[in-house]
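In: coords below, sequence missing:
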């Protein structure tokens, strides 16, 4: 068997740091922390919906409000909202604000008893969330336990607020508690908590909550290397979010699917999902999502050895998180770019105009800056990962150094950083990280030639990884143990562990599992096509209904016009009839008048004839007049 050293547990970072939702006033916060196991971890916050855009104006507005003379209730709400707004850029101040909120609640403020209890629950939950963000999961669990205690006490007897609200808060805290256990590598507890939250959300009919719960369950399966069940969860969540028209949720779901496909080595299909998520995000313009997607796409390009493209996407992600003031994201991108400098070939250095001799100097410079930033952030999980990557760099330097004495010094330095990383993860109880560090320490002892110590640490790594069901780590440990026994001449044990390695590798990537995953993908595609067909059928029905509606309206219009015409015709006919009757009466009266007039004229004529017959004529009178004048 070929002897190979240096199967290390490299740590790439990426993040999708914020998911927004309106259901029960929830906020969703999640980080992708691992490479190759990169996960979207959802954390919830109990305040109103947080908008990532315009953060400075919101912060300024909230800060100004705190300076006003507001009542105690408004002051508590404002302090909690302000703490959340600055949680990424200034987590320590966010924690201080939340602790001050606790102090205010403990004072004799003007609060109703139920409101005060709920405010305590929210504040404990918020403090737990901040410790989750900082990577201090043990402290986070303490505060989540306090919040859960309050929700459990309030649930059966709350009267001032609807019971559904308390149940929703309880589900939210269960999920965040699950997230802490998930980060600590206690997958069984995380699954149990996620499933309890799922039952509550199903009871409440909260589909957005159901989608988030299913996603979290899928994340645990993904970390355990159970890719078919993980994909089944993500596809189910995607179907729910598609039905809801929740484009942010769909972006998140497609990102998780892309990550699982990447882990099983299907990079082209993984990239298609990320690009699809990127297109969806273009419609919602969520900058936190955009930074995360750029980072994930960068990881895909690393896997495909397209380092310059990867560097471009990590740099884009860095720029966005810098604009958002997301120091956690910036530290992760620094780490990713450090990994690029460490692994990219010399030709990429030439293409970038960099000196290849500066490879490890640039790598270490990035790691150390990222380490310092996460120390300032209080992100101890990030600190452990940067220390781990610095150790990996010294391992690489040792492998390239032909001088035994110098290589030994470099390996000792690598060991120092691995032990520091392990100590940090011990303090926060991160069992997944501890298993990785144990494996790397065993690998260093193999390189040094201290095979007894190598065997001890590799067995410890195997035992821990086995207890948390981390198949990815178990696969690498099996390979290292096979290599160890091959080096020491115990070929029988070497073969046993190599077979174990092959079995675990096949369990992740074998043909039957690929077919199972393919079936899930086909099922999703079928469901998607069915949904499209149903949507088109529904659209056709709606269009037919619209046509029928228009036809009915047209018929009604014609009928209305016909009625109107009939009414108008009747009115005209009636008017004409009245007019004719009036005309007939007038004509009759006219004839009567004419008849009377004729009778009068006839009487006048008759009287004139009589008069003419009795009176002398005009000529006679004229003759008499003339005769009289002559005699005169």
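Out: Structure received. Nothing here was measured: the structure is a model prediction, and the numbers come from that model. Residues are numbered from 1 along each chain as shown.
In: quick one: low-confidence ranges for the stretch 1-150 of the chain?
Out: Low-confidence segments of the stretch 1-150 of the chain, defined by pLDDT under 70: 1-56, 88, 109.
In: which stretches of it form strands?
Out: Listed in chain order, the strands found in the stretch 1-150 of the chain under DSSP state E, counting those that start in this stretch are 19-20, 27-29, 43-45.
In: Might you report the residue contacts of residue 433?
Out: Contact analysis of residue 433 by CB atoms under 8 Å, 6 or more residues apart in numbering lists 185, 381, 384, 385, 388, 421, 422, 425. Where you see a C-beta, it was placed from the backbone N, CA and C, and this is true even at glycine.
In: Highest neighbour count among those residues?
Out: Highest neighbour count within the contacts of residue 433, by other CB atoms under 10 Å: residue 385, with 33 neighbours.
In: The helix or strand hosting that residue - contacts with which helices or strands?
Out: Taking DSSP states H and E as the definition, one finds residue 385 inside helix 380-400. Applying 3 or more CB pairs under 8 Å, 6 or more residues apart in numbering; DSSP states H and E, we find helix 380-400 packed against helix 327-343, helix 359-377, helix 404-428, helix 431-448.
In: Just want the angle from the shortest one to helix 359-377.
Out: Pointing back at helix 327-343 there. Between the axes of helix 327-343 and helix 359-377, defined by axes from the mean of the first three to the mean of the last three CA atoms, to 10 degrees, the angle is 160 degrees.
In: Repeat that for the longest one.
Out: Here helix 404-428 runs at 20 degrees with respect to helix 359-377, directions being taken by the same axes, to 10 degrees.
In: Tell me which residues of helix 404-428 come out buried.
Out: Within helix 404-428, the residues that count as buried by 16 or more other CB atoms under 10 Å are 407, 410-411, 413-415, 417-422, 424-425, 428.
In: Give the rounded mean pLDDT of that helix.
Out: Averaging pLDDT along helix 404-428 yields 91.
In: do the same with the last one
Out: Helix 431-448 shows a mean pLDDT of 91 in the predicted model.
In: next helix or strand past that helix?
Out: Per DSSP H and E, the first helix or strand lying C-terminal to helix 431-448 is helix 451-468.
In: List the buried residues in that next one.
Out: Across helix 451-468, burial judged by 16+ other CB under 10 Å covers 451, 454, 455, 457, 458, 460, 461, 462, 464, 465, 468.
In: Determine how far that helix lies from the middle of the whole chain.
Out: Distance, stretch centre to chain centre, for helix 451-468: 38 Å (CA atoms, centre = their mean, to the nearest Å).
In: Which SSE is immediately downstream of it?
Out: Past helix 451-468, further along toward the C-terminus, the next helix or strand under DSSP H and E is helix 471-488.
In: Packing partners of that next one?
Out: Using 3+ CB pairs under 8 Å, 6+ apart: helix 471-488 touches helix 431-448, helix 451-468, helix 491-509.
In: For my notes, please list these in CSV and give distance to residue 178 for each entry.
Out: As requested, the helices and strands packed on helix 471-488 are exported to CSV (distance: least, CB to CB, whole Å):
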stretch, distance to residue 178
helix 431-448, 15
helix 451-468, 14
helix 491-509, 24
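In: tell me the angle whichever strand or helix holds residue 228 makes with helix 471-488.
Out: Using DSSP H and E, residue 228 maps to helix 227-244. Orientation of helix 227-244 against helix 471-488 (the same axes, to 10 degrees) gives an angle of 160 degrees.
In: mean confidence for the next helix or strand after helix 227-244?
Out: Counting by DSSP H and E, the element after helix 227-244 in chain order, helix or strand, is helix 247-263. Regarding helix 247-263, the rounded mean pLDDT is 88.
In: Average pLDDT for the next helix or strand after helix 247-263, rounded please.
Out: Next in sequence after helix 247-263, counting helices and strands by DSSP H and E, comes helix 267-284. In this model, helix 267-284 has a mean pLDDT of 86.
In: which other helices and strands contact the next helix-or-strand element following helix 267-284?
Out: Reading on from helix 267-284 to the C-terminus, the next helix or strand found by DSSP H and E is helix 287-303. Here helix 287-303 touches helix 247-263, helix 267-284, helix 307-324, helix 327-343, going by 3+ CB pairs under 8 Å, 6+ apart.
In: Just send those back as a markdown table, with distance to residue 124 and mean neighbour count too.
Out: Shown next, in a markdown table, are the helices and strands packed on helix 287-303 (distance: least, CB to CB, whole Å; neighbours: other CB atoms under 10 Å):
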| stretch | distance to residue 124 | mean neighbour count |
| --- | --- | --- |
| helix 247-263 | 27 | 26 |
| helix 267-284 | 31 | 18 |
| helix 307-324 | 27 | 20 |
| helix 327-343 | 22 | 25 |
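In: of those helices, which approaches residue 505 most closely?
Out: Taking CB to CB, helix 247-263 is the member of the helices and strands packed on helix 287-303 nearest to residue 505, at 12.3 Å.
In: Tell me the helices and strands packed up against the closest one.
Out: Packed against helix 247-263 by the contact rule (3+ CB pairs under 8 Å, 6+ apart) you find strand 19-20, helix 207-223, helix 227-244, helix 267-284, helix 287-303.
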